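Asks: I'll drop the sequence and a predicted model, then ask my questions.
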Amino acid sequence: MALPFALSQHFAISALFSASVQARPVNFFRWVTHRPMPETATIELTLELEHPVVIWVLQLGGWLPLPFSSANIILVDRCITAAISKLINRPDRKDLEAERWWLSYLNNSRYQLNSFIQASEGQYGRIPSYDEFSTALNSTNILLSKSLPEAHVFWHNHDEYPRLYEVITAIAPRHQREVDFLVEVSPILSARVSERNTNRVESQILELASKYNILKNSLVLFAALSCLYEPQDGSEPRIGRGVLKPKGSYSHQQAYNALSDIRSLEYLAAGSGLFGTSVGLCTRDKYLAAFWTYLNIHNPQWSEDRFSAKITPKPELFPRLNLHQIGKLLSRLRAVT
């Protein structure tokens, strides 16, 4: 049974993808108690690749390597642009051979590259000013156009920039609460939590979520709980830890950077409500790819002026818990006030 929840902040997401799509505010996630997803078929393939997968395209249902993704609208994150810049500055870098090989697939006319995510994050560990955002959007588009000339880079008209910037500023109050939450919760999660202390630490996390008015379906809260319920022996998967990178002393800038990655998944989910699997997020961050995959965000849809989706987390997100315990955890989340 679906449990509907609504975010208190709305923003016009459609402007991110196309000026021709009427702007509609976002009302993000619903989530459902975990249950196994039905399988209709299983296909096994063995592929021999020249290089290991180091670039992932996230889309509805999980992730795929670039050549196999159905997405043609590609959101490009800072990990991708950083690799491109390094290869431009040092074309002979041997440590980026795999990135060079995979990025060559992105240099294709089937792709429309969108640099909004890179520009929205800024460079200074805080929400960028309008001028900083505009400059970053232009410079990133120039970088992509020069390095990937066969791909189509999405250039917004300058008169659309204020509308795009509203996508960032509309969520600023929620963003600040989530930053403050991460700064305070990070020391609690800086070291693996022993089995006997998990209940106490979970209570602390949920108390902090209430203190900062963190929505019970917030992705940042899921990331914190994933960190808590990672394997006790330190083995993989350590998805929440890989996304948040908690430390005993956690700065607002570190929290901002982690939240920027998480926010990109919200943009991907909302865009998927408009264009389905035609939208993808291209990243080099394997933990972000795993977080998206095991959150299992599905059924994104727009209804008039509201967006909704469902979250059915998979067991890999909480390795210490069995299916029954995951259901209990989601029930406790529902009770957060």
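Replies: Yes, it's here. Residues are numbered from 1 along each chain as shown.
Asks: with just CA atoms, put the helix or strand where P300 lies into PDB.
Replies: For P300, the host element (DSSP states H and E) is strand 297-303. Output of strand 297-303 as PDB, limited to C-alpha atoms (Å, rounded to 0.1, in the frame of the first residue of the first chain):
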ATOM      1  CA  ILE A 297      12.500   5.300  -7.200                       C
ATOM      2  CA  HIS A 298       9.700   4.400  -9.600                       C
ATOM      3  CA  ASN A 299       6.300   5.400 -11.000                       C
ATOM      4  CA  PRO A 300       7.200   9.100 -11.400                       C
ATOM      5  CA  GLN A 301       4.200  11.100 -12.700                       C
ATOM      6  CA  TRP A 302       2.900  14.600 -13.000                       C
ATOM      7  CA  SER A 303      -0.700  15.300 -12.200                       C
END
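Asks: quick one: mean pLDDT over the helix or strand hosting V167.
Replies: Using DSSP H and E, V167 sits within helix 161-169. In this model, helix 161-169 has a mean pLDDT of 91.
Asks: and the next helix or strand along the chain from that helix, what does it pack onto?
Replies: On the C-terminal side of helix 161-169, the nearest following helix or strand under DSSP H and E is helix 172-189. Helix 172-189 sits against helix 198-211, helix 219-228, helix 239-244, helix 252-275, with contacts defined as 3 or more C-beta pairs under 8 Å, 6 or more residues apart in numbering; DSSP states H and E. Placement of C-beta: from N, CA and C, glycine included.
Asks: show me which residues of the last one are buried.
Replies: Okay, so that is helix 252-275. Using 16 or more other C-beta atoms under 10 Å as the test for burial, helix 252-275 gives 254-256, 258-275.
Asks: which residues touch the strand holding P300?
Replies: By C-beta atoms under 8 Å, 6 or more residues apart in numbering, the residues outside strand 297-303 that reach it are 24, 29, 60-61, 265, 269-270, 272-274, 307-312.
Asks: now the nearest residue to L148 once chain neighbours are set aside: how far from E178?
Replies: Nearest non-adjacent residue to L148, counting by C-beta to C-beta, 6 or more residues apart in numbering: N107, 4.4 Å away. Counting by C-beta to C-beta, to the nearest Å, the gap from N107 to E178 is 36 Å.
Asks: more neighbours: the two, which one.
Replies: When neighbours are counted by other C-beta atoms under 10 Å, N107 and E178 differ, and E178 comes out ahead with 26 against 14.
Asks: for the more buried one, what are its contacts?
Replies: Contacts of E178 (C-beta under 8 Å, 6+ apart): 212, 214, 218, 220, 255, 259.
Asks: ok, the first one - contacts?
Replies: With contact set as C-beta under 8 Å, 6+ apart, Y212 has these partners: 177-178, 180-181, 184.
Asks: circling back to that earlier point, now for the contacts of E178, which pair is the farthest apart?
Replies: Pairwise distances across those peak at 13.6 Å for S218 and A255 (criterion: C-beta to C-beta).
Asks: rank the contacts of strand 297-303 by pLDDT and give me only the lowest.
Replies: R24 (37).
Asks: of all residues in the chain, which one is nearest the centre?
Replies: Centroid check for the chain by C-alpha atoms, centre = their mean gives L265 as the closest residue, at 2.7 Å.
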